[in-house]
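1. just the structure for this:
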Amino acid sequence: MPSPTANARDLVVLDGYLSAARCDALLDAVAAYRAEHPLPLIERPGTPRALRYRVIDGEQVHAHLPALEDLYREVLAIVREHFGAAVVPLRHRVAGVNVNLVPPGGEYRWHYDRNAVTALLYLNRVDGGETEIYPGYRVSLGRWQASPLQQRLDGVLQWGPVRRVFGRMRSIAPAVGRLVLMRGDRSLHAVRAVTGSDERINLVMTFDVPGARHLQERALDPYLYAASTDTPDFDPNYTPKVPGTGGG
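-> Residues are numbered from 1 along each chain as shown. I've put the predicted structure just below:
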């Protein structure tokens, strides 16, 4: 079992969790899938960062990439070691395990996740593309987390000057086989732009507490998985844009 290089209540980083050989095998499987299923580029403009990436969602994984579902079950055991036994696979399969592919120049905007625990597994190394995380940064209003007040609070805390004063950021570079576990609904996170010529490829695996339901799924799924421009320009998962808080 790899030793954690960072271990806190809300963030764990495990270097070398997956061997280079297994990462290569998964990259080959992803490449074979893409040869038969072209992936549209999803772009959501915004400041200080946009969202620009391609994705293989959980339904496609279930139908065509069974090795990733096997890995999802393996990672669940590691998640339970660090965050307790009361963690289960996400009920909503489309978001359970995804492959994120960020092209050169692509990035992923600041956000919280819908679910309690998120695992990121990097399959390759690229220049740039660091995951930046503020572990445990969110001020949660509990059962009012879906309220407009929570949305506004999230927006204010996301503002760059506020983050720099009150937050402590961890920057985690993509490395072959590196596994990151975090409290996704508590930890503000984003992906810096990929600066090299290679595409950044990683798995996103999501877990939750038993019985969890997320009212925002209907709006969030098109935002994350569809190339259509008929979606909101804000993340339905946690916050609309708060006037005056767009700076980085």
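2. which parts of stretch 43-59 are buried?
-> Judged by neighbour count (16 or more other C-beta atoms under 10 Å), stretch 43-59 contains these buried residues: 44, 46, 49, 50, 51, 52, 53, 54, 55, 56, 57, 58. C-beta coordinates here come from the backbone N, C-alpha and C atoms, glycine included.
3. for stretch 194-212, that is, sorry about that
-> 194, 199, 200, 201, 202, 203, 204, 205, 206, 207, 208.
4. just the ones of the residues you listed in helices?
-> Using DSSP state H, no member of the buried residues of stretch 194-212 falls within helices.
5. what about the buried residues of stretch 43-59, which are in strands?
-> Among the buried residues of stretch 43-59, DSSP state E puts 44, 51, 52, 53, 54, 55, 56 in strands.
6. and the third one, what does it touch?
-> Just to be clear, that refers to residue 52. Residue 52 makes contacts with 41, 42, 43, 44, 102, 103, 105, 106, 107, 108, as judged by C-beta atoms under 8 Å, 6 or more residues apart in numbering.
7. mind giving me the packing neighbours of the helix or strand that contains residue 23?
-> Following DSSP states H and E, one finds residue 23 within helix 20-36. Contacts defined by 3 or more C-beta pairs under 8 Å, 6 or more residues apart in numbering; DSSP states H and E place helix 20-36 against helix 66-83, strand 200-208.
8. what's the closest of these to residue 18?
-> With C-beta to C-beta as the criterion, residue 18 lies closest to helix 66-83 of those, at 7.8 Å.
9. what residues of the closest one count as buried?
-> So for helix 66-83, counting by 16+ other C-beta under 10 Å, buried means 68, 69, 71, 72, 75, 76, 78, 79, 82, 83.
10. check which helices and strands that helix sits against.
-> Using 3+ C-beta pairs under 8 Å, 6+ apart: helix 66-83 touches helix 20-36, helix 58-64, strand 88-89, strand 97-102, strand 117-122, strand 179-182, strand 200-208.
11. can you rerun that using 10 Å?
-> strand 11-14, helix 20-36, helix 58-64, strand 88-89, strand 97-102, strand 117-122, strand 179-182, strand 200-208 (3 or more C-beta pairs under 10 Å, 6 or more residues apart in numbering; DSSP states H and E).
12. now the angle from the second one to strand 117-122?
-> Okay, so that is helix 20-36. When axes from the mean of the first three to the mean of the last three C-alpha atoms, to 10 degrees is applied, the directions of helix 20-36 and strand 117-122 differ by 90 degrees.
13. hmm, who's touching helix 20-36?
-> For helix 20-36, contacts defined as C-beta atoms under 10 Å, 6 or more residues apart in numbering pick out 17-19, 39, 54, 56, 60-61, 63-68, 71, 99, 101, 121-125, 176-178, 201, 203.
14. in a markdown table: the helices and strands packed on helix 66-83, plus mean pLDDT and distance to residue 144.
-> A markdown table is the format used below for the helices and strands packed on helix 66-83 (pLDDT from 0 to 100; distance: least, C-beta to C-beta, whole Å):
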| stretch | mean pLDDT | distance to residue 144 |
| --- | --- | --- |
| strand 11-14 | 97 | 25 |
| helix 20-36 | 98 | 40 |
| helix 58-64 | 97 | 29 |
| strand 88-89 | 95 | 24 |
| strand 97-102 | 98 | 29 |
| strand 117-122 | 98 | 22 |
| strand 179-182 | 98 | 23 |
| strand 200-208 | 97 | 19 |
